[in-house]
Each structure stands twice: as structure tokens, then as C-alpha cells.
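[1] Give me a 3D structure for the following:
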Amino acid sequence: MNFTAIDFETAIGYNPCSVGIVTVENGIIVDEFVTLIQPPNNYYSPATIRVHGIHPFDTEYEKTFAEVYPEIHKRLYNRVVVAHNESFDRNVLAKSMANNYLDYADLNIADRWECTVKIYRAKGLRPAKLSDCCREMNIALNHHEALSDARACAKLYLMK
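    All right, here's what the predicted structure looks like:
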């Protein structure tokens with residue numbers, strides 16, 4: 001089983017402040033990538049800070065999305081992409097790319113990704129938040145830390 005799991009944490013709206021990406025080859029995690037991202041104007045909603053604990057001072061000197069994008073591209077290009085609540089993470093990626101004049105089609109990935117929320121709901125797990133799925137499947141999780149969330153998503157997909 002070959003795929004890439006991704007998770008974004010956002011500063012406000014669809015503006016990312018962190019991304020975690022986990023690459024799986026033949027059912028084994030072979031690469032992990034995580035970085036902070038400076039959102040536009042380094043602006044955050046207080047509500048998102050409460051969720052993930054990332055503050056403007058954490059990203060003040062970090063790379064912008066456009067500067068991080070080459071790392072994202074090399075990990076997603078031509079891959080099956082998986083996310084927990086895929087529509088959210090897919091929209092973060094697509095909107096961030098559009099805001100930086102990058103073409104989503106250049107990634108050569110599906111318009112809709114594999115979604116572990118949908119998979120685990122279909123299995124009867126409710127609620128199917130990432131923390132609920134991880135608790136049910138006995139997967140370690142430091143929730144709302146992008147790499148931990150992406151790794152947990154990858155493990156859930158492997159266990160589907």
C-alpha cells in the first residue's frame with residue numbers, strides 16, 4: 001500500500017501555520033516531514049491558537065507557504081493522498097496554492113482524496129474525530145500537532 005497522509009494546522013480560515021506529511025511505501029512509513037509555516041501577515045485567530053497552541057511568535061521567522069511548497073510538492077506529486085476530514089486539508093492546500101499562483105493540477109493528484117473520517121464512519125465509529133478513531137484503534141496521538149495527526153491518519157488508513 002503506497003500513499004501519503006497530510007495534515008494542516010491553520011492560523012485563520014484556510015491559511016496554514018503548520019503541515020505534517022507522512023509517506024507510506026509498501027505499508028511502511030518511509031518518510032516524515034513537518035514544518036511551521038508563516039501565514040499571511042503572520043495573523044492568527046485566537047480560536048485556532050487555543051486549538052493547536054501555535055502563536056505568531058512561533059512563525060515570525062518561518063518560511064511562507066510558497067517557500068515550503070517545494071517540499072509539499074515532492075511528497076504529494078502523483079500520489080494517493082489521505083487525510084482525516086480530507087475536504088478541509090484539501091481546501092487548505094488548494095486555496096494556499098491558488099493564493100500563491102500555483103496550479104493544483106501540477107500535483108497530478110485526485111480532486112478528492114481518501115478520507116479516514118468517511119472510512120471509519122462507514123465502519124460504524126461515531127463520533128469519528130481523529131482523537132476518537134485513534135482511541136478506538138489504540139494509536140498514539142498528540143492531537144493538533146501536524147506530524148502526529150498525519151502519522152495517526154496514515155496508521156488509520158493502514159488499518160482500514
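
[2] Distance check, residue 97 against residue 73.
    Counting by C-beta to C-beta, to the nearest Å, the gap between residue 97 and residue 73 amounts to 9 Å. To be clear about C-beta, it is placed using only N, CA and C from the backbone, and glycine gets the same treatment.

[3] Which of the two has more residues huddled nearby?
    With neighbours defined as other C-beta atoms under 10 Å, residue 97 and residue 73 compare such that residue 97 has more, 20 against 13.

[4] which residues touch that one?
    Listed by C-beta atoms under 8 Å, 6 or more residues apart in numbering, the contact set of residue 97 reads 69, 103-104.

[5] Then residue 153?
    Remark: with contacts taken as C-beta under 8 Å, 6+ apart, residue 153 is in contact with 5-7, 22, 82-84, 116, 130.

[6] Name the SS class of it, please.
    In three-state terms, and counting by DSSP: H, G, I helix; E, B strand; the rest coil, residue 153 is helix.

[7] Distance check, it against residue 24.
    When C-beta to C-beta is the yardstick, residue 153 and residue 24 sit 10 Å from each other.

[8] what do the two both touch?
    Each of residue 5 lies in contact with both residue 153 and residue 24 under the rule C-beta under 8 Å, 6+ apart.

[9] Please, where are all the strands along this structure?
    Assigned by DSSP state E, the strands in the chain fall at 3-12, 15-25, 28-36, 81-83, 114-115.

[10] For the third one, buried residues please.
    Just to be clear, that refers to strand 28-36. 33-36 (16 or more other C-beta atoms under 10 Å).

[11] tell me which residues form a beta bridge with residue 82?
    residue 5, residue 114 (DSSP bridges).

[12] Count the neighbours of it for me.
    Other residues near residue 82 come to 26 when the count uses other C-beta under 10 Å.

[13] what sits against the residue positioned nearest the centre of the chain?
    In the chain, the residue lying closest to the centroid (C-alpha atoms, centre = their mean) is residue 7, at 1.2 Å. The contact partners of residue 7, by C-beta under 8 Å, 6+ apart, come to 19-20, 83-84, 89, 146-147, 149-150, 153.
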